[in-house]
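Here is the input, now give the coordinates:
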Amino acid sequence: REALERFLQRSERSQTLVGRLRYFLEVPDNVLAIAQNREMMHRLDAAFFRVGEAQGGRLIKYVGGEAWDSLDDARTDLEQYGFEVGRLEEEGRFRFAVEPDRQGELTEELRRLLSEETDGGRSVWVSFNWAEQIDLDVALKHQEALQEVVKEGELVAKTAVLEEVVDEWPGKMLRRAQVLHSGTIWLSESGLALSRVAPPPSS
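Numbers count the residues shown, from 1 in each chain. Model prediction:
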């Protein structure tokens with residue numbers, strides 16, 4: 001009965017981005033999000049964190065990938081889409097963080113966070129945005145390292161990339177990036193596409 005109820009809930013077509021992501025995102029998870037523009041990228045951030053908040057998670061926004069003048073600008077971008085930044089900061093549920101320069105430092109930080117939350121039974125939800133063109137080798141190593149940490153605990157990671165950035169990637173690199181993730185979110189003014197990577201079927 002419970003399985004049937006979950007199936008019916010997942011089959012319902014929510015009309016909101018938060019509702020769609022609620023039934024798409026899993027714990028743990030590692031998703032690639034492609035946004036048509038910065039507005040769509042910020043909508044995804046807010047919806048992602050609202051889903052994490054509803055699940056009682058600890059929420060962290062890494063700000064290294066966007067050229068905000070101040071954190072107040074970042075707060076405004078999230079709050080205009082319904083994410084209550086100020087309240088959750090006061091409650092200790094949400095914070096901004098600067099992404100470490102070295103990949104090893106980031107994975108160590110995420111493992112430490114997961115270890116801290118294990119006793120409380122809380123998941124950790126982290127968001128990265130790449131609004132500028134980045135070195136593809138660096139990007140893929142970042143995602144490979146993230147995927148390893150996701151396998152170890154209750155971590156939900158979203159890496160959002162602007163469509164104009166992805167357009168510069170060779171097709172084979174985009175395909176490689178997609179299979180490094182559990183799923184892909186594609187958001188534009190014309191629609192939303194959600195897809196999951198499945199393991200190869202047995203013969």
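
Against residue 121, how distant is residue 51?
Relative to residue 121, residue 51 is positioned 17 Å away (Cβ to Cβ, to the nearest Å). Where C-beta positions appear, they are placed from N, C-alpha and C, glycine not excepted.

Neighbour count for the two, which is higher?
Set residue 51 next to residue 121 and count neighbours by other Cβ atoms under 10 Å: residue 51 wins out with 23 against 8.

didn't the more buried one look like it was pressed against residue 17?
No: if you go by Cβ atoms under 8 Å, residue 51 and residue 17 don't touch, sitting 9.6 Å apart.

Mind giving me the packing neighbours of the helix or strand harbouring residue 59?
In this assignment (DSSP states H and E), residue 59 forms part of strand 58-62. On a contact count with 3 or more Cβ pairs under 8 Å, 6 or more residues apart in numbering; DSSP states H and E, strand 58-62 meets helix 38-54, strand 94-97, helix 103-118, strand 124-130.

got a list of contacts for the second one?
Strand 94-97 has contacts (Cβ atoms under 8 Å, 6 or more residues apart in numbering) with 49, 53, 58-63, 71, 74, 85, 88-89.

So, low pLDDT: which residues of the protein?
For the chain, the stretches flagged by pLDDT under 70 are 1-14, 65, 67, 118-120, 203.

Which residue would you name as the spatial centre of it?
Compute the mean C-alpha point of the chain, and by Cα atoms, centre = their mean the closest residue is residue 158, 1.6 Å away.

Can you tell me who it pairs with across the strands?
Beta-bridge pairing for residue 158 (DSSP bridges): residue 31, residue 127.

who's in contact with it?
If you count contacts by Cβ under 8 Å, 6+ apart, residue 158 has them with 31, 33, 44, 48, 125-128, 185.

Kindly present the helices and strands packed on strand 58-62 as TSV, with separate columns for distance to residue 175.
TSV is the format used below for the helices and strands packed on strand 58-62 (distance: least, Cβ to Cβ, whole Å):
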stretch	distance to residue 175
helix 38-54	21
strand 94-97	30
helix 103-118	22
strand 124-130	17
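
So for residue 140, which of those sits nearest?
Closest to residue 140 of the helices and strands packed on strand 58-62 is helix 103-118 (Cβ to Cβ; 10.9 Å).

now for the closest one, which elements pack on it?
Helix 103-118 sits against strand 58-62, strand 124-130, helix 136-150, with contacts defined as 3+ Cβ pairs under 8 Å, 6+ apart.

between it and strand 124-130, how big is the angle?
Orientation check (axes from the mean of the first three to the mean of the last three Cα atoms, to 10 degrees): helix 103-118 against strand 124-130 gives 150 degrees.

just the helices and strands packed on strand 58-62: most buried one?
Most buried of the helices and strands packed on strand 58-62, by mean neighbour count (mean count of other Cβ atoms under 10 Å): strand 124-130, with a mean of 24.

Type out the ChimeraX command that picks the buried ones from the contacts of strand 94-97.
Remark: buried members of the contacts of strand 94-97, expressed as a ChimeraX selection using 16 or more other Cβ atoms under 10 Å:
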select :49,53,58,59,60,61,62,63,74,85,88
